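[1] coordinates for the following, if possible.
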Amino acid sequence: MKRPTKGAIAKRLVDIARKEGLEIETNAAEMLVEQVGNDIRQVLHAMQMWRARSCSLRYGDLRDGGMARIEKDKILRQSPFEACQMLLAGPSKGTPLEDRYNVYFVDYSLVPLLVQQNYVEASKNGVFKSPRLSDCDKMDALARAADAVSDMELAGASIMGADQHWELLPTTAAFACRVGTMIDGFMGFPTFPQWLGKNSSRGKFKRFTQELVLHSSLAAGQGFAAVRLEYVPYWRRLLVQPLVARGSEGAEAVIALLDAYGLSKDDFMETMREMQFLVEKDAVLADAYAGIDAQVVSMAYTCCPR
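    So this is what the prediction gives:
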């Protein structure tokens with residue numbers, strides 16, 4: 001859901017203020033909304049505070065310093081992507097260390113991943129553009145940033161894991177600040193962390209492997225690693241060959257092999273197909289899979305008793 005626009009909120013504020021005995025200018029209402037990040041609850045609270053001491057709220061009152069008493073913390077209004085930009089910029093933009101430290105806590109689960117994903121790219125517009133540093137100094141700064149990212153992840157693993165050492169959270173924030181201090185970089189818009197997608201794929205393939213282990217437990221009786229590294233490539237090659245060599249006539253042989261190992265049609269046509277290793281020796285199998293008509297196997301399953 002999108003936040004309401006500044007104009008829509010300001011119009012409603014004027015109506016509310018009139019009913020509560022507060023005279024407010026439209027441009028003052030818009031400035032108030034903008035300063036609190038379009039937060040309706042916060043802007044109503046600010047108006048209530050102002051009404052306690054005055055019956056009018058004008059643009060000049062806010063411009064001349066009245067906003068400082070009711071303004072929402074700017075750090076809390078940052079998105080995780082803006083927090084990453086601020087951290088990677090380091091001290092070059094004049095941002096105090098305290099603000100860079102606090103912005104880490106906008107989302108302490110996503111911000112570290114954003115920093116890890118983008119710090120190398122940000123360094124290209126930071127330390128690597130510095131005319132004062134030699135190539136060795138630039139690489140040394142990047143290496144120090146990489147060490148800080150590694151230390152941040154080590155501390156973060158102890159926080160989120162079974163240990164639950166939440167006292168290390170300030171340490172991870174300090175390491176995130178150190179990354180930006182080393183590279184002094186800039187990012188137009190940080191890239192979304194690829195680790196999240198890779199971890200999701202890892203979970204999917206782990207689930208696939210566990211299903212194959214369960215289905216083949218009586219025939220093969222092997223564990224997770226053996227099935228994934230040895231049996232899956234062997235099964236895939238063994239099952240594809242009859243269909244490649246004989247077409248639909250090889251479907252019965254495929255079904256017999258699946259029955260022998262306790263596997264299903266979905267294990268063959270979907271699970272093993274997804275679990276191909278992307279190496280050169282699998283290119284032939286990938287092409288063979290692409291040439292297999294799923295209807296051939298389905299017809300064989302319909303016509304041949306199991």
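[2] beyond the host helix or strand of Ser201, next helix or strand please.
    Using DSSP states H and E, Ser201 sits in helix 194-215. Remark: after helix 194-215, the chain's next helix or strand is helix 224-226, criterion DSSP H and E.
[3] what's the domain layout of this structure?
    What automatic domain parsing lists as the domains of the chain is 6-72, 77-192, 195-303.
[4] what would those look like in a markdown table with mean neighbour count?
    The C-beta positions use only the backbone N, C-alpha and C, and glycine is treated the same way. Output for the domains of the chain, formatted as a markdown table (neighbours: other CB atoms under 10 Å):
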| stretch | mean neighbour count |
| --- | --- |
| domain 6-72 | 16 |
| domain 77-192 | 18 |
| domain 195-303 | 15 |
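[5] make JSON lines out of those and add mean pLDDT.
    Putting those into JSON lines (pLDDT from 0 to 100) gives the following:
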{"stretch": "domain 6-72", "mean pLDDT": "80"}
{"stretch": "domain 77-192", "mean pLDDT": "89"}
{"stretch": "domain 195-303", "mean pLDDT": "78"}
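[6] all helices for the stretch 1-150 of the chain, in order.
    Remark: helices assigned in the stretch 1-150 of the chain by DSSP state H, counting those that start in this stretch are 6-19, 26-35, 40-51, 59-63, 80-89, 97-103, 111-123, 135-160.
[7] and the angle from the longest one to helix 80-89?
    Using axes from the mean of the first three to the mean of the last three CA atoms, to 10 degrees, the direction of helix 135-160 lies 140 degrees away from that of helix 80-89.
[8] now do the contacts for the nearest residue to Arg100 once chain neighbours are set aside.
    Once flanking residues are discounted, Arg100 sits nearest to Cys177: 5.1 Å by CB to CB, 6 or more residues apart in numbering. By CB atoms under 8 Å, 6 or more residues apart in numbering, the contact list for Cys177 reads 87, 97, 100-101, 104.
[9] go on, Ala253?
    The contact partners of Ala253, taken as CB under 8 Å, 6+ apart, are 242, 246.
[10] what strand or helix carries it?
    When elements are assigned from DSSP H and E, Ala253 belongs to helix 251-261.
[11] now that helix and helix 194-215, what's the angle there?
    Going by the same axes, to 10 degrees, helix 251-261 is angled at 90 degrees with respect to helix 194-215.
[12] just the CA trace of helix 251-261, in CSV.
    Coordinates of each C-alpha in helix 251-261 appear next as CSV, following Å, rounded to 0.1, in the frame of the first residue of the first chain:
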residue,chain,number,x,y,z
ALA,A,251,9.2,-45.3,-21.8
GLU,A,252,8.5,-48.7,-20.4
ALA,A,253,12.2,-49.2,-19.6
VAL,A,254,12.2,-45.8,-17.8
ILE,A,255,9.2,-46.7,-15.7
ALA,A,256,10.8,-50.0,-14.8
LEU,A,257,13.9,-48.2,-13.6
LEU,A,258,11.8,-45.7,-11.6
ASP,A,259,9.9,-48.5,-9.9
ALA,A,260,13.2,-50.3,-9.1
TYR,A,261,14.4,-47.2,-7.2
